[in-house]
Each structure stands twice: as structure tokens, then as C-alpha cells.
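# Please work out how this folds:
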Amino acid sequence: MKHKFLIRKDNEKNQLTIQEFAYLDKESKTREFMVFDQDSFSLLCMETYDGKKMRSAIKKGKETLVSELRTEKMFPIGIYVDKIAESVMELYGSKGMDTLELLFDDKEFLEMNNSTSET
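Got it, this is the predicted structure:
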């Protein structure tokens, strides 16, 4: 399954919103090469965070930020949440940037895990 995380920082509302989407194309299993159609993603969940808590967690470090980002509704796997945390840190560390999009493919993650377990 392919995942898309849309991360938005809203300075006016002092909030961070993360939306998780999934690409659930049944036909893709039979195709060798799949075209990645952005409009075919379905929203799985959305979480809104207090901007003050995010800034505080960032100051305490990545592990604290990961703990804040993981909730009952949103609990991405380790490799994904690490990249999400890095992206949140990037958003709060930049001026002018307020949105980031991350794309993940479970197949790549599984292949990476499989190759590291064989060595």
C-alpha cells in the first residue's frame, strides 16, 4: 500500500495538521509498472496538534516529538514517523514553508527490511 502524509502548519491558528492518505488501487497488483495517480488517494485519518506543544516537543528532541505525533488515531510505523518528525522539525525551522507532502510505499519498506534480514 502507498501512503501520503500531508503536513500543514497554520501559524494563524497555531496548529499543525497531519492527514494520512492511502492508495488502494486493486488493479495495481496485476501491473508490473504502476502510474502513481495522486487523485486516487483516500483519506484514512487526520490529526490536529497544538502548535505550542509541537514547538516544545521539538526543543526536547526527536523522541519527544515522535511521542507527541503518535496518537490513537495516527500511529505510523517507525521509519515513517521518523521522517514525519523530521519534516515537522523542518516546517517549524523554516520561514515561509507551511506544507510538506511525504510519499511512502510499503513495498519498498518490506523490500528494505527483507534485504537487511538476509545479511
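# surely Val88 meets Arg55?
No - the pair Val88 / Arg55 is not scored as a contact, 10.1 Å apart, by CB atoms under 8 Å. C-beta: built from backbone N, CA, C; applies to glycine.
# Which of these two has more residues huddled nearby?
The neighbour count for Val88 versus Arg55, taken as other CB atoms under 10 Å, is higher for Val88 (24 against 14).
# chain center to whichever helix in the chain runs longest: distance?
Secondary structure of the chain per DSSP state H: the longest helix is helix 78-93. Taking CA atoms, centre = their mean, to the nearest Å, one finds the center of helix 78-93 at 8 Å from the center of the full chain.
# That helix packs against which elements?
Using 3 or more CB pairs under 8 Å, 6 or more residues apart in numbering; DSSP states H and E, the elements in contact with helix 78-93 are strand 2-10, strand 15-23, helix 51-60, helix 62-69, strand 99-105.
# measure Glu12 to Ser56 for me?
Remark: distance between Glu12 and Ser56 (CB to CB, to the nearest Å) = 19 Å.
# out of the two, which sits in the busier spot?
Ser56 (13 against 6).
# ok, now how distant is the more buried one from Asn11?
Note on Ser56: its distance to Asn11, by CB to CB, is 16 Å.
# Can you give the contact residues for the longest helix of the chain?
For helix 78-93, contacts defined as CB atoms under 8 Å, 6 or more residues apart in numbering pick out 3, 5, 7, 9, 16, 18, 54-55, 58, 62, 65-66, 69-70, 76, 97-100, 102, 104, 109.
# burial measure for Met54, as a count.
Residues lying near Met54 (other CB under 10 Å) number 21.
# hang on, the earlier thing: using a markdown table, lay out the helices and strands packed on helix 78-93 together with mean pLDDT and distance to Tyr80.
Output for the helices and strands packed on helix 78-93, formatted as a markdown table (pLDDT from 0 to 100; distance: least, CB to CB, whole Å):
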| stretch | mean pLDDT | distance to Tyr80 |
| --- | --- | --- |
| strand 2-10 | 95 | 7 |
| strand 15-23 | 95 | 9 |
| helix 51-60 | 98 | 17 |
| helix 62-69 | 98 | 10 |
| strand 99-105 | 94 | 6 |
